[in-house]
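Asker: sequence plus the predicted model coming up.
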Amino acid sequence: MSQRELQIRAPDTLSEDLAEILSRDGGVILEDFISKAEVEEIMSDLGPYIDTTTESQNDFGGFKTTRTGALMARSPRCRELAIDPRILGLVEAFLGPYANTFQLHVTQVIKVLPGEKAQMPHRDRWAWSQLQESSDNDPPVNKVVARLMTEIEPQLNLMLAITDFTEQNGATRIAPGSTKLPDDAKLTDEAFVSAKMTSGSMLMFTGSVFHGAGTNQSQAARVGLNIDYTLGWLRQEDNQYLSCPPEIAKDLNPKLQELLGYQVGGPSLGYFTPPLPAGKDLSPPQKAFRLADRSVRLDKEGRPYVVGD
């Protein structure tokens with residue numbers, strides 16, 4: 001496939017226009033989405049966590065790359081970013097045809113250290129392993145899901161540049177126009193372009209576009225903040241209920257609570273039954289916030305009880 005350049009747009013570009021670019025190219029850069037002061041606030045929130053995160057130890061994740069998660073529990077500024085109306089408007093415009101509710105899929109800071117090699121090109125939708133195009137030897141359900149995934153888009157991602165993203169320091173490499181290619185497509189280096197952008201700018205990209213971190217040939221780390229959104233009826237890659245449990249989520253913005261998954265994601269997806277008291281079944285997940293201040297334990301016979309009752 002021939003190389004295309006990534007489009008660069010202003011942060012206030014209409015969501016419908018950005019969704020059209022994403023459908024065609026798979027990615028778009030929003031220039032100067034937040035200020036340098038806001039970037040510093042994010043790093044003030046997350047710096048201690050990032051500094052103590054250990055490197056990945058596998059070929060896909062890299063050996064000189066760290067990924068720091070639980071951003072909604074750890075950073076007030078990241079919470080504001082996740083529910084920014086400009087982002088949610090684009091989520092609605094782009095993913096709206098496939099679901100009536102949306103949720104956070106992944107929240108993490110990715111730090112690519114000097115000397116890290118380029119990441120294997122991939123599609124983020126491969127987090128659902130059965131979504132890869134199936135072979136004749138795969139179980140029948142894989143073929144069904146694979147066909148479905150050629151007709152929908154399951155996620156929308158953002159990568160906020162904390163540091164400048166340059167070709168030398170390993171800026172995300174993306175293959176514009178690759179969203180409709182088969183999973184086993186053989187892409188050459190010429191198909192990819194580096195998402196070069198200044199600190200505070202943002203790359204928006206789809207779950208179907210081929211991409212990967214570049215080689216960091218510089219003397220400094222390349223740092224990006226990654227927040228992904230997915231359809232309300234799909235399993236989240238990052239278990240948000242554990243990363244941001246009810247005792248923390250109960251005090252957050254109601255819209256963010258919904259995005260974390262504390263909502264009914266369809267006619268009957270996501271309800272829960274409180275262990276206590278008896279007779280309160282089929283509750284919406286927001287009901288869990290009322291229990292968050294009470295400590296529920298199991299007794300010697302395995303039955304739940306509230307500490308202090």
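Answerer: Looks like it arrived, so ask away. Numbers count the residues shown, from 1 in each chain.
Asker: all contacts plus neighbour counts: C-alpha atoms, from now on.
Answerer: Will do.
Asker: where in the protein is pLDDT low?
Answerer: Along the chain, the model assigns pLDDT under 70 to residues 1-3, 129-139, 141-142, 277-280, 291, 293-298, 301-306, 308-309.
Asker: can you pull out the strands in it?
Answerer: 7-9, 27-30, 65-68, 102-112, 155-161, 173-174, 193-194, 202-206, 211-212, 222-231, 296-298, 304-306 (DSSP state E).
Asker: for those strands, which one sits closest to P246?
Answerer: With CA to CA as the criterion, P246 lies closest to strand 296-298 of the strands of the chain, at 12.7 Å.
Asker: middle-most residue in this protein, spatially?
Answerer: Nearest to the geometric centre of the chain sits D228, at 2.0 Å (CA atoms, centre = their mean).
Asker: any idea how far that one is from G214?
Answerer: 20 Å (CA to CA, to the nearest Å).
Asker: on that earlier part again, what's opposite the residue nearest to the centre of the chain in the beta bridge?
Answerer: Beta bridges link D228 to V106, N157, judged by DSSP bridges.
Asker: same question for F102.
Answerer: L231.
Asker: surely it meets L259?
Answerer: Yes: applying CA atoms under 8 Å, one finds F102 in contact with L259, separated by 6.3 Å.
Asker: ok, these two, which is more surrounded?
Answerer: Legend: neighbour count by other CA atoms under 10 Å for F102 and L259, higher for F102 (25 against 21).
Asker: any idea how far the more buried one is from G200?
Answerer: For F102, the distance to G200 - CA to CA - is 25 Å.
Asker: likewise for A146?
Answerer: From A146 to G200 the distance is 36 Å (CA to CA).
Asker: neighbour-wise, which of the two wins?
Answerer: The neighbour comparison of A146 against G200 (other CA under 10 Å) goes to G200, with 23 against 17.
Asker: circling back: can you say which of the strands of the chain is nearest to D183?
Answerer: Nearest of the strands of the chain (CA to CA): strand 211-212, 12.3 Å.
Asker: and stretch 30-38, what's buried?
Answerer: Buried residues in stretch 30-38, defined by neighbour count with 16 or more other CA atoms under 10 Å: L30, E31, D32, F33, I34, K36, E38.
Asker: now those residues in JSON lines, with distance to I248?
Answerer: Formatted as JSON lines, these follow (distance: CA to CA, whole Å):
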{"residue": "L30", "distance to I248": "31"}
{"residue": "E31", "distance to I248": "33"}
{"residue": "D32", "distance to I248": "31"}
{"residue": "F33", "distance to I248": "28"}
{"residue": "I34", "distance to I248": "26"}
{"residue": "K36", "distance to I248": "28"}
{"residue": "E38", "distance to I248": "23"}
